[in-house]
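Student: Fold the following for me, if possible:
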Amino acid sequence: MTVHLVGAGPGDPGLLTVRGAEVLRRADVVVHDRLSHSSLLDLAPAAAERISVGKTPRSPSTPQEEINRLLVEKGRAGLTVVRLKGGDPFVFGRGGEEAAALAAAGVPFEVVPGITSAVAVPAYAGVPVTHRGLSTSFTVVTGHDAPWASSETDWEAVARVGGTIVVLMGVASRGLIAERLQAGGLRGDTPVVATRWGTRPDQRTVRTTLAGLGAAEISSPAVLVIGAVAGLDLGWYEQRPLFGRRVVVTRARTQASDLAARLADLGAEVIEVPTIEIADAADRGAALADAAGRAGTYDWVVFTSANAVERFVAHLRDARAFGAARVAAVGAATAEALAAANVLADLVPDRFVAEALVDSFPDAPEGGGRVLVPQAADARPVLADGLRAKGWYVDVVEAYRTVPGRPSTHALAAAREADAITFTSSSTVTGYLEVAGADAVPPVVVSIGPITSATAKEHGLDVAIEADPSTVDGLVAALRTALQRTGDGTSTDL
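Tutor: Alright, predicted model coming up:
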């Protein structure tokens, strides 16, 4: 039994340490605060208990004594417990109090440091806390208005230390802090940068001066940087092309990570709404396994999706099982999945739709030939019918089924407020409309290809743009085109 006090970093899930991810993946219980990014909780096993103990300013919160008691109780039960805290647990995170309670109770614990917001948030705002010629040091101070914090801090002495001043939890007392720093000798025109929700997709930066800090429109949680370095503006995070945009991704949860990661890298806030899930065939794969065992007896094996490839090759000893059979793929992603299994597709059409594959497919030899098509249970019949029209004997085998997903109510609510939605297949269109409704479709609809677009239009949706080519890269490029930055501003000068 061990309780791990893990620093989650300031918000960007990519800033979680490797060690933090390791212990999360084997946690029995995750006790988390309100600053933890929801995707970090997904790293824990599905069966892990998740307990929110987040503290909210001026609102009901879980008392620290109750959190300590909970950690001791879960630790004594022989469970692997992760206490997931924003930033670093030992930098104004009360991790020391929790460690002391565990030590007093004889419960083993580990401290996993996190990236503190005192350094990360200024970096994401484009402000180095030290800079040659401007600042050789920085001081981190809590601005919390508890009696032991800001009101007891010798702010005049902090002002005289020089260098950069970084204030955490100081929004409510910023006026008092500004007055006392000026009383300590700092000029009223000293630059100040305040960054709210730093390192997150909804990061917002306000630039002001020490004299104007008290009246500036700043909401918590925010990090304040005071000093000459705050006059620098090396912004990069808020300048990314999709920053401030909320985009819905509707792929199955197991397939959404690549698209979601690419959009997040461009600055988008990604809302994953898994409207479909990939399930086993109705016979649990028995027919697929049998067909895979006879792959070498066919002239062609034709794959319509990466899902079909992955399910099919799982039944093969290795690529030699294809024998003399040639292999075709509808689309680059399907061909890439084959390549990952060391199989090079012999035929990939220029357009990534079944109709294009039929057009480019050779006619059957005299006397016919045999084609195997592993595909989804609800796949369109156009491919098999088209190949039969060319004289081929076609065996269709069910490789998998798409079933309705179960997105959370939180994800559906967030999707309603999004700027755009991406559809990667016809089933994601129908699945989204089934679970969310037409009134929850964001204003910009982006489709991966003509078949998906046709399904969307059949259901009354206005497709703003279609990917060309019909790949994830094409989809991302199309989305960027549809959501050109309008200069609505993510930084405010006061």
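Student: from here on, contacts and neighbour counts on C-alpha atoms
Tutor: Noted.
Student: The top strand by length along the chain - which strands sit beside it in the sheet, and in what orientation?
Tutor: Scanning the chain for the longest strand, with DSSP state E as the assignment, gives strand 393-404. Using DSSP bridges, the strands paired with strand 393-404 are strand 276-279 (antiparallel), strand 370-376 (parallel).
Student: Give me the contacts around that strand.
Tutor: Outside strand 393-404, the residues that touch it by CA atoms under 8 Å, 6 or more residues apart in numbering are 275-282, 285, 287-288, 291, 307-308, 311-312, 368-378, 384, 387-388, 427, 431.
Student: related to what we said a few turns ago, could I get the strands paired with strand 393-404 as CSV with mean neighbour count?
Tutor: As requested, the strands paired with strand 393-404 are exported to CSV (neighbours: other CA atoms under 10 Å):
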stretch, mean neighbour count
strand 276-279, 18
strand 370-376, 23
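Student: Now for the nearest residue to residue 28 once chain neighbours are set aside, how many residues are close by?
Tutor: Leaving aside its sequence neighbours, residue 28 sits nearest to residue 48 (CA to CA, 6 or more residues apart in numbering; 4.6 Å). By other CA atoms under 10 Å, the residues close to residue 48 number 18.
Student: what residues go with each domain of this structure?
Tutor: 2-115, 119-239, 246-275+405-482, 280-403 (automatic domain parsing).
Student: Could you work out the end-to-end span of the second one for me?
Tutor: The reference is to domain 119-239. End-to-end distance for domain 119-239, by CA to CA, to the nearest Å: 19 Å.
Student: Please apply the same query to the longest one.
Tutor: Here the two ends of domain 280-403 are set 10 Å apart, with distance taken as CA to CA.
Student: same thing with the shortest one?
Tutor: Start-to-end span of domain 246-275+405-482 (CA to CA) is 13 Å.
Student: chain center to it, what's the gap?
Tutor: 14 Å (CA atoms, centre = their mean, to the nearest Å).
Student: ok, now the last one?
Tutor: Distance of domain 280-403 from its chain centroid, counting by CA atoms, centre = their mean, is 32 Å.
Student: quick one: average confidence on it?
Tutor: Across domain 280-403, the average pLDDT comes to 94.
Student: For this protein, spot the helix or strand the model is least confident about on average.
Tutor: strand 491-493 (a mean of 43; mean pLDDT, DSSP states H and E).
Student: can you tell me which helix or strand residue 67 belongs to?
Tutor: Assigned by DSSP states H and E, residue 67 falls within helix 64-76.
Student: which residues are contacting that helix?
Tutor: By CA under 8 Å, 6+ apart, helix 64-76 touches 1-3, 29, 53, 81, 83, 97-98, 101-102, 105, 107-108.
Student: And those residues, which of them are buried?
Tutor: 2, 3, 29, 53, 81, 83, 98, 101, 102, 107 (16 or more other CA atoms under 10 Å).
Student: Among those, which one lies nearest to residue 336?
Tutor: Nearest to residue 336, judged by CA to CA, of the buried ones among the contacts of helix 64-76 is residue 29 at 38.1 Å.
Student: which residues in the stretch 201-350 of the chain form helices?
Tutor: Along the stretch 201-350 of the chain, counting by DSSP state H, counting those that start in this stretch, helices occupy 256-265, 286-293, 306-313, 332-340.
Student: Other residues contacting the second one?
Tutor: Which is helix 286-293. Residues outside helix 286-293 that contact it (CA under 8 Å, 6+ apart): 312, 313, 315, 316, 321, 372, 374, 397, 398, 399.
Student: any chance of those residues in CSV, plus distance to residue 138?
Tutor: Listed next are those as CSV, based on distance: CA to CA, whole Å:
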residue, distance to residue 138
312, 58
313, 57
315, 60
316, 60
321, 64
372, 67
374, 62
397, 65
398, 63
399, 60
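Student: And the furthest pair within these?
Tutor: Using CA to CA, the contacts of helix 286-293 reach their maximum pairwise distance at 321 and 398, which is 19.1 Å.
Student: Which one's more surrounded, these two?
Tutor: Neighbour totals were compared for residue 321 and residue 398, and residue 398 leads with 22 against 17 (other CA under 10 Å).
Student: Would you quantify the distance from the more buried one to residue 376?
Tutor: Distance from residue 398 to residue 376, by CA to CA: 6 Å.
Student: Likewise for residue 346?
Tutor: 22 Å.
Student: before we move on, what about residue 199?
Tutor: Taking CA to CA, one finds residue 199 at 40 Å from residue 376.
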